[in-house]
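Q: sequence first, predicted coordinates after that:
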Amino acid sequence: MKHIPLPRNCFSIWRWRYADQRGVTLIEVLITMALLSVFLVMFATLFTASIDVQFRSQTYSSVSSDGRFLLARLNYDITRASAVTTPAALGGSSNSLVLTISGGTYTYNVNSGRLQLASPAGTDYLTGNGDTISSVSFVKLGNSGGLESIQYTFTLTGKGSNAGNTNTQTFSSTTERRS
């Protein structure tokens, strides 16, 4: 009886058992291709989902950032205004806001879906290129003889790079004139 030495590790077992085989069978190739196909489909699905989440978060971030900036800018200008020209009457509402600050006229209005500020320094757009503003409303509140407050509301819509990737947020605040 011939003595066959036992292998020392698993790789040696494979070599010892299949030493006389020279290739792989068709079944082994097909199983390998099927497994690779499944892994590739799973990876592609995961990759496209992560790209979609990235685009959605960029759109949300853009709209949130523009909204916070507009709230801060309106708050800053209203608190330092010496007069509110438009809306004219208490309780009056308008889609534009005209303030007098240090003798200069500051006008907020919507132009081509973007909020525009015309001031003595020039005219600037306050919203980003990808965001559109709508439903802009300025309401003059207060008591006669007192300092006015302005309640303002607007809706920002950001369009992402994908057609179905939009984000809409509504912002609202009230600020009292201080001077």
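A: Yep, that arrived. Being a predicted model, the structure only gives us computed values, none of them experimental.
Q: lowest average confidence, helix or strand, in this protein?
A: helix 10-17 (a mean of 56; mean pLDDT, DSSP states H and E).
Q: so which elements touch the helix or strand following that helix?
A: Sequence-wise, the next helix or strand downstream of helix 10-17 (DSSP states H and E) is helix 26-79. Here helix 26-79 touches strand 97-101, strand 131-141, strand 149-159, strand 166-176, going by 3 or more Cβ pairs under 8 Å, 6 or more residues apart in numbering; DSSP states H and E. Glycine gets a C-beta too; all of them are placed from N, C-alpha and C.
Q: just put those strands in a markdown table and tack on mean pLDDT and mean neighbour count.
A: As requested, those are arranged in a markdown table below (pLDDT from 0 to 100; neighbours: other Cβ atoms under 10 Å):
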| stretch | mean pLDDT | mean neighbour count |
| --- | --- | --- |
| strand 97-101 | 95 | 19 |
| strand 131-141 | 94 | 18 |
| strand 149-159 | 93 | 19 |
| strand 166-176 | 93 | 15 |
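Q: correct me, but residue 81 touches residue 101?
A: Yes: with contacts counted by Cβ atoms under 8 Å, residue 81 reaches residue 101, the gap being 5.2 Å.
Q: picking up where we left off before, of all the helices and strands packed on helix 26-79, which one is nearest residue 45?
A: Among the helices and strands packed on helix 26-79, the nearest to residue 45 by Cβ to Cβ is strand 166-176 (23.2 Å).
Q: how far does the closest one sit from its chain's centre?
A: Computed by Cα atoms, centre = their mean, to the nearest Å, the chain-centroid distance of strand 166-176 equals 15 Å.
Q: and residue 124, how far from residue 84?
A: Distance of residue 124 to residue 84, given as Cβ to Cβ, to the nearest Å: 20 Å.
Q: hmm, back to that, between the helices and strands packed on helix 26-79, which one is closest to residue 28.
A: Nearest of the helices and strands packed on helix 26-79 to residue 28, taken as Cβ to Cβ: strand 166-176 at 49.3 Å.
Q: just checking: what are the partner strands of that closest one?
A: Here strand 166-176 is paired, per DSSP bridges, with strand 149-159 (antiparallel).
Q: and the angle for the strand it pairs with with strand 97-101?
A: 120 degrees (axes from the mean of the first three to the mean of the last three Cα atoms, to 10 degrees).
Q: picking up where we left off before, can you redo the helices and strands packed on helix 26-79 as a markdown table with distance to residue 119?
A: A markdown table is the format used below for these (distance: least, Cβ to Cβ, whole Å):
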| stretch | distance to residue 119 |
| --- | --- |
| strand 97-101 | 8 |
| strand 131-141 | 16 |
| strand 149-159 | 17 |
| strand 166-176 | 18 |
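Q: which of these sits closest to residue 107?
A: Going by Cβ to Cβ, the one of those nearest residue 107 is strand 97-101, 5.0 Å.
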